[in-house]
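> How does the following fold in three dimensions:
(chains A and B)
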Amino acid sequence: MTELERALVALGGELEFPPTPDLVRAVSGRLQRRRWRRPLVLAVAVAVVALAIAMAVPPARSAILRFFHLGSATVEQVETLPPAQQRPITAGLGPALVREDAEMAAQFGIRLPKGVAPQQFYAQPGMISTVLRADGKPVLLSELKGDQTVLFKKFASPATSVQPVDLGEFGLWLQGGPHVLMWQFNFGRVHRVETRLAGNVLLWLDQGITYRLEGDLDKSQMLQLAGQITR
Amino acid sequence: MVGRPLDESDLIERAQRGDTHAYEELVHAYQGIAFRTAYVIARNAADAEEAAQDGFVKAWRALGRFRRGAPFRPWLLQIVANEARNRVRSAGRRASLALRAAAEEPSGDAAPSPEATLLSAEQREGLLAAVNELPEEQRTVLSLRYFLGLSEHEVAEALDVPQGTVKSRTARALERLRESYD
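As a prediction, this is how the structure comes out:
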């Protein structure tokens, strides 16, 4: 080793690197989530098959209270909807924010279709939303981090069609009758976002994030939009 | 630099059988060198952390393909470095190397290392400035080789280039530095 090389080694010992983060905890957490994801997806798939079978049988349809979880969302079918009102699509989501502030509040970054740059975002810890334009219509995009503090519930009347779709790790398409949204933000504080009577909804789970699109689009339009978000 | 744990091959074997605790020990042993390698390439602490974390997760998934008895560190660093390079490409930014000289005086009562006495404060600053002015690929090779103490083989693996390329980049970089150091 030459003198210059020894000097470089010495210099290396005196450089200041950023402190090494605790990767053990972060990696371990991700490995544990991966371990649970497969059984979870399987469980959801089984639940949906059961749901589909139950919905195909009229006597069962009237008698069974059906529900299942998809990431941060719970879909429940009830015979009587809770009272609700028509409200703007972003009602209850909090104040409009710029993207940077919203991502900071949500504690994760939003995924958007390529080339789309909305100006307003809405956020809660573990959830971020914005309104997109698709085929000239407003579509609410919400993204929820899988194991965060936000719980998103959805109620569907028997008139609503619920179909599994091949999207991400698992997807669900809800169309038809009225349904009521309920957001449960962190620490048990419940906020209800009232009805969008004709809103069609696409829900899907991809890499720990639950995605939700809501708007007056048909299934193929919604799937096309979703495909631009989680390619 | 992080030393090799004595039972590394046992840990790898257990991890290959799905033992996450064994893998956590490997992460613990190599997180320092993995993070610094990513930092030298990405030159951004947040990107480096993300790259190192993703690298460890991908390495876990690829453990089944790891050849038993092969050195683990270069294999791991190749995955981490690849993650770091992807972030540099995707972010489209090439910030200057953000390495800063530590305090000029050793802290506490610790005596300076024999190597440290080789350089005066002025020489340290001059040499670091010269390193920072090197072309990117030469600077990265030198940083990995001399600052982090990777072997030529490990640098070649991490940068996904032939070992001969590491040698030639190192030689060219040293030649440039010699002009300013001498």
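> burial of the closest residue to residue B:141 other than its chain neighbours, as a residue count?
Residue nearest to residue B:141 in three dimensions, not counting chain neighbours: residue B:169, with 4.4 Å by C-beta to C-beta, 6 or more residues apart in numbering or on different chains. All C-beta spots, glycine's among them, are computed from the backbone N, C-alpha and C. Burial measure for residue B:169: 22 neighbouring residues, criterion other C-beta atoms under 10 Å in any protein chain shown.
> What helix or strand is residue B:69 located in?
Assignment of secondary structure by DSSP states H and E places residue B:69 within no helix or strand.
> What is the burial count for the residue lying closest to it once chain neighbours are set aside?
Closest residue to residue B:69 in three dimensions, ignoring its sequence neighbours and counting by C-beta to C-beta, 6+ apart: residue B:9, at 7.2 Å. Using other C-beta under 10 Å as the criterion, residue B:9 is surrounded by 13 other residues.
> try residue B:132
As a burial measure, residue B:132 scores 12 neighbours (other C-beta under 10 Å).
> Hmm, residue B:140 and it touching each other?
No - between residue B:132 and residue B:140 no contact is recorded; they are 11.9 Å apart, counting by C-beta atoms under 8 Å.
> returning to that earlier point: tell me the confidence at the residue nearest to residue B:141?
We note a pLDDT of 95 for residue B:169 in this prediction.
> How about residue A:91?
You'll see residue A:91 listed with a pLDDT of 74.
> for it, helix, strand, or coil?
Taking DSSP: H, G, I helix; E, B strand; the rest coil as the rule, one finds residue A:91 in the coil state.
> next one: phi and psi at it?
When quoted as degrees, to the nearest 10, the phi and psi of residue A:91 stand at phi -60, psi 140.
> How about the one 4 residues further on?
Note on residue A:95: backbone dihedrals following degrees, to the nearest 10 are phi -70, psi 150.
> Residue B:71: neighbouring residues, count only.
Residues near residue B:71, counting by other C-beta under 10 Å, number 14.
> Relative to residue A:3, how far out is it?
30 Å (C-beta to C-beta, to the nearest Å).
> now residue B:55
Using C-beta to C-beta, one gets 35 Å for the distance from residue B:55 to residue A:3.
> Same check on residue B:84?
With C-beta to C-beta as the criterion, residue B:84 and residue A:3 are 31 Å apart.
> now swap in residue A:107 and tell me
Note on residue A:107: its distance to residue A:3, by C-beta to C-beta, is 50 Å.
> Which one of those two is surrounded by more residues?
residue A:107 (15 against 11).
> per-residue pLDDT, the more buried one?
80.
> Grab the nearest non-local neighbour of it.
Excluding its sequence neighbours, the residue lying closest to residue A:107 (C-beta to C-beta, 6+ apart) is residue A:125, at 5.9 Å.
> what about the one you found, how many residues close to it?
Using other C-beta under 10 Å, residue A:125 has 16 other residues around it.
> now do residue A:116
Residue A:116 has 14 neighbouring residues, counting by other C-beta under 10 Å.
> how close does it get to residue A:106?
From residue A:116 to residue A:106 the distance is 18 Å (C-beta to C-beta).
> how about the helices of the chain, start to end?
Here I'm looking at chain A. A:3-12, A:23-56, A:58-63, A:99-106, A:219-229 (DSSP state H).
> Chain B, not that one
Assigned by DSSP H, chain B shows helices spanning B:8-16, B:20-42, B:45-62, B:72-91, B:121-132, B:136-142, B:152-159, B:163-181.
> among the helices and strands of the chain, which one scores worst on average pLDDT?
Answering for chain A, as no chain was given. Ranked by mean pLDDT, DSSP states H and E, the weakest helix or strand in chain A is helix A:58-63, scoring a mean of 44.
> that answer is for a different chain, and I need it for chain B
For chain B, scoring each helix and strand by mean pLDDT, DSSP H and E identifies strand B:100-101 as the least confident one, at a mean of 50.
> Tell me where the model's unsure across chain A.
By pLDDT under 70, the weakly predicted segments of chain A are A:33-72, A:76-87, A:146-159, A:178-198, A:231.
> check contacts around residue A:129.
Contacts of residue A:129 were listed using C-beta atoms under 8 Å, 6 or more residues apart in numbering or on different chains, and they are A:90, A:93, A:121-123, A:140-143.
> Distance check, it against chain B.
Note on residue A:129: its distance to chain B, by C-beta to the nearest C-beta, to the nearest Å, is 24 Å.
> Stretch A:135-149 vs chain B: in contact?
No - when contact is scored as C-beta under 8 Å from any C-beta of the partner chain, no part of stretch A:135-149 falls within range of chain B; the minimum is 15.7 Å.
> Quick check: bridge partners of residue A:204?
residue A:171, residue A:211 (DSSP bridges).
> Next, count neighbours for it.
Burial of residue A:204 is recorded as 26 neighbouring residues (other C-beta under 10 Å).
> Correct me if wrong: it contacts residue A:173.
No - when contacts are counted by C-beta under 8 Å, residue A:204 is not listed as touching residue A:173 (9.2 Å).
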